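> Output the structure for:
(one chain, ligands or ions: 1)
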Amino acid sequence: MTRMRMKRHIPERMEKCHERWFDTPMTNKGKWRQICGFPEDCQLFLELGCGKGKFCCQTALDNPDVLYIAVERDSSVILAAIEKAHNQEIPNLFFIRCDVGQIENFFNEGEVNRIYINFCDPWNRRNKPKRRLTYREFVEKYKLISKPDLEIRFKTDNDDLFDFSLEEFEHCGFTLSELTRDLHNSEYDSANVRTEFEQKFADEGIPIKRVVARL
Ligand SMILES: C[S@@+](CC[C@H](N)C(=O)[O-])C[C@H]1O[C@@H](n2cnc3c(N)ncnc32)[C@H](O)[C@@H]1O
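Model (predicted):
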């Protein structure tokens with residue numbers, strides 16, 4: 001009942017936070033820094049499948065000089081993220097509601113510096129590997145919209161997805177670093193920001209896998 005009521009009010013609640021997202025984000029292509037009021041030489045970080053926004057809010061707060069754009073396709077989920085950013089008055093965080101498969105319609109070549117992919121849906125390697133956000137066709141799209149020194153920061157709980165993603169990144173010409181299969185017990189944990197799903201998996205005792213892939 002609560003869920004239905006929330007869904008019914010999505011347009012009104014989105015409207016209240018209208019400065020955080022764009023009706024026609026494709027018209028911002030090539031102009032994100034200018035339109036969001038940031039210098040042309042600032043870094044632009046993208047998060048794909050941001051969920052309810054815990055990670056993007058904290059990462060944007062930690063990096064106030066970075067323009068941070070979070071992408072999510074589920075309306076009620078992105079609304080939760082947008083409201084979080086709005087309530088915390090985070091000035092450098094904006095949202096696009098779209099499918100990642102359309103990402104090249106929203107960014108120009110060379111516009112993005114870094115991409116975060118956190119706990120994307122694992123799908124099944126045998127049946128649906130092409131839907132994984134680390135599948136090579138997606139990764140090639142990310143390369144298209146990014147600077148030549150693009151960095152992808154990837155985390156997952158899923159061993160099979162992790163191994164698959166390492167193969168895909170290397171296939172697409174990335175060098176792997178800061179690789180760990182137990183992030184929370186590694187030297188990288190002190191700088192780590194936990195996502196909603198990450199906290200859930202950690203509470204279940206599942207080790208978190210993480211890698212930084214650089215072009
Ligand atoms: C398992 S959740 C993880 C959410 C968040 N990153 C976290 O770690 O808590 C995956 C999210 O990615 C979104 N997602 C999956 N495929 C997507 C796509 N092709 N385009 C945009 N969002 C997508 C889903 O709607 C969901 O919110």
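
> For the lengthiest strand in the chain, which helices and strands make contact with it?
The single longest strand within the chain, with elements called by DSSP state E, is strand 146-156. With contacts taken as 3 or more C-beta pairs under 8 Å, 6 or more residues apart in numbering; DSSP states H and E, strand 146-156 sits against strand 112-118, helix 136-144, helix 159-171, strand 209-214. C-beta: built from backbone N, CA, C; applies to glycine.

> and with 10 Å instead?
Packing partners of strand 146-156 (3 or more C-beta pairs under 10 Å, 6 or more residues apart in numbering; DSSP states H and E): strand 44-48, strand 112-118, helix 136-144, helix 159-171, strand 175-180, helix 196-203, strand 209-214.

> Just want the angle from the fifth one to strand 146-156.
So the one you mean is strand 175-180. Per axes from the mean of the first three to the mean of the last three C-alpha atoms, to 10 degrees, the angle that strand 175-180 makes with strand 146-156 is 30 degrees.

> same deal with the last one?
If you take the same axes, to 10 degrees, strand 209-214 sits at 170 degrees to strand 146-156.

> Check which residues of strand 209-214 are buried.
Neighbour counts over strand 209-214 (16 or more other C-beta atoms under 10 Å) mark 209, 210, 211, 212, 213, 214 as buried.

> Next: the longest one.
Applying a neighbour-count criterion of 16+ other C-beta under 10 Å, one finds 161, 162, 164, 165, 166, 168, 169 buried in helix 159-171.

> swap in the second one?
Under the neighbour-count criterion of 16+ other C-beta under 10 Å, strand 112-118 has 112, 113, 114, 115, 116, 117, 118 buried.

> Tell me which two in these are the farthest apart.
Using C-beta to C-beta, the two most remote members of the buried residues of strand 112-118 are 113 and 118, lying 17.1 Å apart.

> and the buried residues of strand 209-214 as a markdown table, adding pLDDT and distance to residue 82?
Putting these into a markdown table (pLDDT from 0 to 100; distance: C-beta to C-beta, whole Å) gives the following:
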| residue | pLDDT | distance to residue 82 |
| --- | --- | --- |
| 209 | 98 | 29 |
| 210 | 98 | 26 |
| 211 | 98 | 29 |
| 212 | 98 | 28 |
| 213 | 98 | 28 |
| 214 | 98 | 30 |
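
> Can you tell me which of the residues you listed lies closest to residue 103?
So of the buried residues of strand 209-214, ranked by how close each gets to residue 103 (C-beta to C-beta), first place is residue 213, at 16.7 Å.
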